[in-house]
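Undergrad: generate a structure from the sequence data that follows.
(3 chains)
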Amino acid sequence: MAFKLTEDFKARAEKLCARYPRRDAALIPVLLELQKEAGYVAEEAMDELAKFLALPYARVKAVVTFYTMFNREPAGKYHLQVCRNISCHMAGAPGLLARLRAKLGIGEGETTKDGLFTLSAVECLGACGAAPVMQVNEDYFENLNGEKLDALLEDIKHGRLRAGGR
Amino acid sequence: MPKLTIDGKSIEVAKGTTVLEAAAKLGVYIPRYCYHPSLSISGNCRMCLVEVEKAPKLLTACSTEAAEGMVVRTDSEKVKAARRDVLEYLLINHPLDCPICDQAGECGLQDYYMEYSLKKSRFAAADKVTRQKRRALGPHLVLDNERCILCTRCVRFCSEVTKTSELEVMERADHSFIDLKEGKALDNDYSMNIADLCPVGAWTSRDFRFKQRVWFLKKTPTVCLGCATGCLAEAQHNENVIYRVMPRPNAETNTWLCDRGRLAYKAVTAGDRLAKGFIKNGLIDLEPALREAATRIDEAKGAVAVLGSPWLSIEDNAALAALAIEAVKTENFCFDFPAEQGIKDGILINKDAAPNTAGVKLVKAARGGISLEELSRRLLAGQIKVVITEARAAGFIKEALKAAAPRLITFATNRGEIPQGAYATLPYASYFETPGTFVNYQGLKRRTEPAVTPPEGVKPLWGLVNKLAAYSGDSLHLNSSEDALKGVKL
Amino acid sequence: MENILLKDNVAGLEGYFACGGYRPLKKALALKPADVIEEVKKSGLRGRGGAGFPTGLKWSFIPKDAPGPRYLVCNADEGEPGTFKDRELLLRNPHALIEGMAIAAYAIGAAHGYIYIRGEFAAEARLLEKAIAEARTKGFIGKNILGSGFDFELFMHSGAGAYICGEETALLESLEGFKGQPRLKPPFPAVKGLFASPTVINNVETLAAVPAIIEKGGEWYASIGTPKSTGTKLFCVSGPVNKPGVYELPLGVTFRDLLEKSCGGMQEGKKIKAVIPGGSSVPVLTAEEAWAVKLDYESLATAGSMLGSGGVIVIDESQCMVKLLQVLARFYHHESCGQCTPCREGCGWIEKILNRFEEGKASVKDIDLLYSVADGMQGRTICPLADAMAMPVMSFVKKFRSEFEAHAAGRCCAPEAGGGH
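TA: The predicted model follows:
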């Protein structure tokens, strides 16, 4: 299937480009915008984006593979990202991860069959004072424990995701 | 003009000179992987770390500018330890598949390990990061990511020299690797330089790999005759076989070679290489072929034309001029090849595909002759019955030859060069087999040296001219390439 | 002492005005740029991102007569494990940052600024974007600010997940749309930074302190803290303390005061084993060392560690130091940009050695190997990420060797810590 950048997307991308003296500087924000729309950055999308920004394809691919936030394949509707760094580790992140693996029946880096959840272990999310922390899509959920995690999963399954666990 | 000392030796260098370059001037070699004089400075390999007085840390010699009063040590314990450590880090994830690696003998890892390390690895073999093993990437190259040390010379070459930017380092940390777009070939016009640039066995040339161990190779300076740029090159050969041609970097003309020029040597041993004469469609021995050609020339006395060639050396063109003037005694000779010259791709490839347009001018200046148009006119007017020329040069008067249909006697090295309708073709020694002088588009004189001997019985072109004249009863006394130059000032 | 940075009810523009917000900007615009720099120099303010470089001095490195544009960049790529102050500051006091940037831009002559925020802080980025828009409508950002003739455009720029982009030249690469791989220095950003132009890069906390310095004067700011470590600092405390969080305290505060007075002490039944005082990259302190230390640049250096980002990670007796080091090694291995040989290869090597310790497959010899691999990385790379890996390794091994020995002998020192053996 041929991938096409929509006119609407191009218009938004042009606005991002206008923030910089060189349009290729907008590569990362434009990729983030693209991922927001499609859920991931497909191979063909990189190609199209390279043409749009007048960049070599390899540069786009290198950037996509360098930064961890770019999904190279479709992710679940909810991307559960559990911080596993030192403060969260001490506060029980390994237990949270184990619990999620068991409850969802998937490993880290995998997506549930229904396409609802992708599970990832990530590095420091910068919220160590409220460890352990999990980011779901753009929202942080802090001071988690087993029960809170279960409740959160239920909320998500029933479409009651509320942002901001602070 | 900062003055600095390196390992106790003083030197004054131009502002902007790096420590690595200053050291080279003093004969102090600083090991390096990522540094390449013709690419931007990357500073990633950390092999060139040196100690600079008052600097708290070791500095990379490749990126540090020489400064007034700088005191540099490249031989201190600190520097030696850094080199040992960097080599150890480089080798932990290297497959150490030297026995099956064709880089042996010119491998930066092997060489530096012997020179600077000899340390036993402390890395658990089972822990190695595995990467993709060899795969052909494009018509000329094989990439083995597992051997790669990520110095990025290849990446920088493609972005800075060819500006094709096919390559990049993908991912990060120790699982990063060089790659290009899936399914795409690395087939820019200069791709084989990457095999030269690669300091390890990651990039190898499909043409050269496993053909010959490099320590058996002998090197002979030559000139690339692929176009008027006239890049300095080096033929590498063993037991009378050329295995590869490499650039001889020089400030005037070239650091690199284009792939087409580099592979031109293949003609020397190609299947259609001529070792015998060719009359109409049949091969015959050289002597009968020469006799036949001479007979036809004698027959047409007064209606013979000689056309020089920008693909031939000055010596061979001069020999052809001597043939026309002193043996055939005709005014129908031409050493006039107008051509637009200049680099057409911004790198090396010239607009003029012939290597010696400028050299032939010297022959014309010394010996005169008519223009190409005049030669064509005389052909079309029926004044010429026999044309003697080099196979590719016949192309300059293609239309006239077709219309007038004279007997065409050509010189060629390979059967593929012979123009349609040639009556006789005489084989000559290529410039990998015989010396020759060429003048490139910059007006620089360059000489090829023989790297191998020609196939049995094959002579330099000036030798054939000498024989042709002899068969017609004239003596030109061309017994060497110097003799051939007679009358032409270099 | 009243907080300078972390205040209540200033997140919105109204609240910020109520506390005298944007008055310092007006004051600064009436001064000569050089005088603004002078005031910041007088304050003794030092970079709060981790390196502690004097801010006024950094600003003064911008060449006076360089033609072409200059840039001001705010480093909001907070990612050092144990550090979460910038996020707090952005949420609670975004206008202090925006105002600080406008003042800094005026001082260095930059017409454009970018806030490079880590990609994961999407909600924070939206809030900040909103705050910038508010400031723009009031004329604090944009053309002819407050009628002074000074123009300053400020944009947000999101990262996409790379710890290394907190290193200032990697950040610039990323801001230009490249992989975040640190640049060789020299040239330094002050001479050749963003888009090859003179650039100042400051941390969020650094820039947010600027309005107060302009308002109350450099001398006032310098009177807070210690003579060389002036002003207040945001300390981020994580670990099993009663009230983890971000605390603004004068530099030179004792660790004891931070822990006991601000954080309400250790959780019931927990005893300190170790403290990492400045984010995960700095050398660890033993409990004994920590109890005795003051939190400022000099005191921590004397104690063999660093103030770093102010991320104070408290580790209690139940934790296994080998396991924690493995967690850190996994992180640095994951985040190494892959450019320099020692870091690219060394970080992975260290993680693998530590995995062996955790799997019970290590020998005593591996303790020295660990130390030596880390030692070999130090000071030999373009950026300090290799050092950031080496410092914890070397200090953990030095100060908690017995735990490594226990692992080598097949025992875990803290079984309840959840090591995988």
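Undergrad: stretch B:69-79: how far from the chain's middle?
TA: 38 Å (CA atoms, centre = their mean, to the nearest Å).
Undergrad: now do the buried residues in it.
TA: B:70, B:72, B:73, B:74, B:79 (16 or more other CB atoms under 10 Å in any protein chain shown). Yep, even glycine has a C-beta here, placed from its N, CA and C like the rest.
Undergrad: ok, residues contacting it?
TA: Identification of contacts with stretch B:69-79 by CB atoms under 8 Å, 6 or more residues apart in numbering or on different chains yields B:2-7, B:19, B:23, B:28, B:30, B:49-53, B:58, B:61.
Undergrad: touching, residue C:167 and residue C:383? I think so.
TA: Yes - the pair residue C:167 and residue C:383 qualifies as a contact (CB atoms under 8 Å) at a distance of 4.8 Å.
Undergrad: surely residue B:246 meets residue B:196?
TA: Yes - shown here, residue B:246 and residue B:196 form a contact pair, counting by CB under 8 Å, at 6.1 Å.
Undergrad: quick one: contacts for the residue nearest the centre of chain A?
TA: Within chain A, one residue has its C-alpha closest to the average C-alpha position: by CA atoms, centre = their mean, that is residue A:69, at 5.2 Å. Applying CB under 8 Å, 6+ apart to residue A:69 gives the contacts A:32, A:35, C:119, C:120, C:160, C:161.
Undergrad: where's the closest residue to it other than its chain neighbours, which helix or strand?
TA: Among residues not flanking residue A:69 along the chain, residue C:161 sits closest, at 3.6 Å (CB to CB, 6 or more residues apart in numbering or on different chains). Following DSSP states H and E, there is no helix or strand that holds residue C:161.
Undergrad: burial of residue C:161, as a residue count?
TA: Other residues near residue C:161 come to 20 when the count uses other CB atoms under 10 Å in any protein chain shown.
Undergrad: residues contacting it?
TA: Per CB under 8 Å, 6+ apart, neighbours of residue C:161: A:67, A:68, A:69, A:70, C:118, C:119, C:120.
Undergrad: got it, and residue B:426?
TA: B:277, B:286, B:289, B:290, B:293, B:409, B:410, B:411, B:412, B:464 are the contacts of residue B:426 under CB under 8 Å, 6+ apart.
Undergrad: surely the last one meets residue B:411?
TA: Yes - in this structure, residue B:464 is within contact of residue B:411 by CB under 8 Å, at 6.7 Å.
Undergrad: surely residue C:286 and residue C:276 touch.
TA: No - between residue C:286 and residue C:276 there is no contact under CB under 8 Å: 11.2 Å.
Undergrad: the more surrounded of these two?
TA: Comparing residue C:286 with residue C:276 by other CB under 10 Å, the one with more neighbours is residue C:276, at 31 against 16.
Undergrad: who does that one bridge with?
TA: residue C:313 (DSSP bridges).
Undergrad: wait, doesn't it sit right on residue C:284?
TA: Yes - Residue C:276 is in contact with residue C:284 according to CB under 8 Å; the separation is 5.1 Å.
Undergrad: what touches both of the two?
TA: C:315, C:392.
Undergrad: from the contacts of residue B:426, which is closest to residue A:113?
TA: Looking at the contacts of residue B:426 and their distance to residue A:113, the nearest is residue B:412, at 69.8 Å (CB to CB).
Undergrad: list the contacts for the closest one?
TA: Residue B:412 neighbours (CB under 8 Å, 6+ apart): B:274, B:278, B:390, B:391, B:418, B:425, B:426, B:427, B:428.
Undergrad: what's around the closest residue in space to it that isn't next to it in sequence, how many residues?
TA: In this structure, residue B:412 finds its nearest non-sequential neighbour in residue B:391, 3.8 Å apart by CB to CB, 6+ apart. Neighbours of residue B:391 under the rule other CB under 10 Å: 24.
Undergrad: next: residue C:103.
TA: 26.
Undergrad: touching, it and residue C:36? I think so.
TA: Yes - contact criterion CB under 8 Å: residue C:103 and residue C:36 qualify, at 6.4 Å.
Undergrad: which stretches of chain A form helices?
TA: A:7-17, A:27-38, A:43-53, A:57-66, A:86-90, A:93-104, A:146-157 (DSSP state H).
Undergrad: also the stretch 201-350 of chain B?
TA: All helices of the stretch 201-350 of chain B, identified by DSSP state H, counting those that start in this stretch, fall at B:259-262, B:286-299, B:314-322.
Undergrad: avg pLDDT for the longest one?
TA: Read that as helix B:286-299. The average pLDDT for helix B:286-299 rounds to 95.
Undergrad: and the two most separated of the contacts of residue A:69?
TA: Maximum distance among the contacts of residue A:69 (CB to CB): 13.3 Å, for A:35 and C:120.
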